[in-house]
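Undergrad: Need coordinates for the following:
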Amino acid sequence: MNKLILIATILFTAYFSNAQTSIYDFTVNDIDGNEFALKQLEGKKVMIVNVASKCGFTPQYEQLENIYETYKDKNFTIIAFPANNFKEQEPGSNEEIKEFCTLNYGVSFPIMAKISVKGDDIHPLYKWLTTKDLNDTSNSSVKWNFQKYLIGEDGKVEEVMNPWVKPDSKKIIKWIEE
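TA: Numbers count the residues shown, from 1 in each chain. So this is what the prediction gives:
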């Protein structure tokens, strides 16, 4: 009986020690294919946003860049994830996406490699962001391009902002400044 309890304890510990409890437990690829450990953002507020270049919300890139420039030295950053999940509004390759963002919006905040933010091939980070059983905060679904996940300094989801909420809205700016 003691051996069974010991084995169960070891398995339980092993399972939960591998669970992601914050965004800092994830490593993703940036737009150039390099590994980007989210642990390097520890202690910062982070806006995670799924983006697309052929969407009605695409002009939000300008607002994202403006708030990034304003607050990047004040314990805040933005991480963008291009995704082609909504009406094929991000059909480009990583190279094409990077060129589009740089030439059209002067984007300097980190852009990651193109991923899926919903469906059977959902990226593990977005699975964590959208699943309460994983993130211990809330369930959500990515409604469209430019949905924003506001992550606190502890790496936990604090709020989900719908795509139509502009990045420079009073609510988001207040959250950044608090």
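Undergrad: ok, which stretches of this structure are strands?
TA: Assigned by DSSP state E, the chain shows strands spanning 27-29, 35-37, 45-51, 76-82, 148-151, 157-161.
Undergrad: winner for burial among those?
TA: Across the strands of the chain, averaging neighbours per residue (mean count of other Cβ atoms under 10 Å) puts strand 45-51 on top, at a mean of 24. C-beta coordinates here come from the backbone N, C-alpha and C atoms, glycine included.
Undergrad: Return the distance of the residue nearest the centre of the chain relative to Lys98.
TA: Nearest to the geometric centre of the chain sits Ile48, at 3.2 Å (Cα atoms, centre = their mean). According to Cβ to Cβ, to the nearest Å, Ile48 and Lys98 sit 18 Å apart.
Undergrad: Then Trp144?
TA: Taking Cβ to Cβ as the measure, Trp144 falls 22 Å from Lys98.
Undergrad: Same list (the strands of the chain) but as CSV, adding distance to Val107.
TA: Compiled in CSV, these are given as follows (distance: least, Cβ to Cβ, whole Å):
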stretch, distance to Val107
strand 27-29, 17
strand 35-37, 15
strand 45-51, 9
strand 76-82, 8
strand 148-151, 16
strand 157-161, 19
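Undergrad: Format those as CSV; extra columns: mean pLDDT.
TA: Putting the strands of the chain into CSV (pLDDT from 0 to 100) gives the following:
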stretch, mean pLDDT
strand 27-29, 97
strand 35-37, 98
strand 45-51, 98
strand 76-82, 98
strand 148-151, 98
strand 157-161, 97
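Undergrad: Show me where the protein has its helices.
TA: Counting by DSSP state H, residue ranges of the helices within the chain are 2-17, 60-71, 94-105, 124-130, 132-135, 170-177.
Undergrad: Of these, which stretch is the most buried?
TA: Stretch with highest mean neighbour count among those: helix 124-130 (a mean of 20; mean count of other Cβ under 10 Å).
Undergrad: which residues does Tyr24 contact?
TA: Leu38, Lys39, Leu41, Glu42, Gly155 (Cβ atoms under 8 Å, 6 or more residues apart in numbering).
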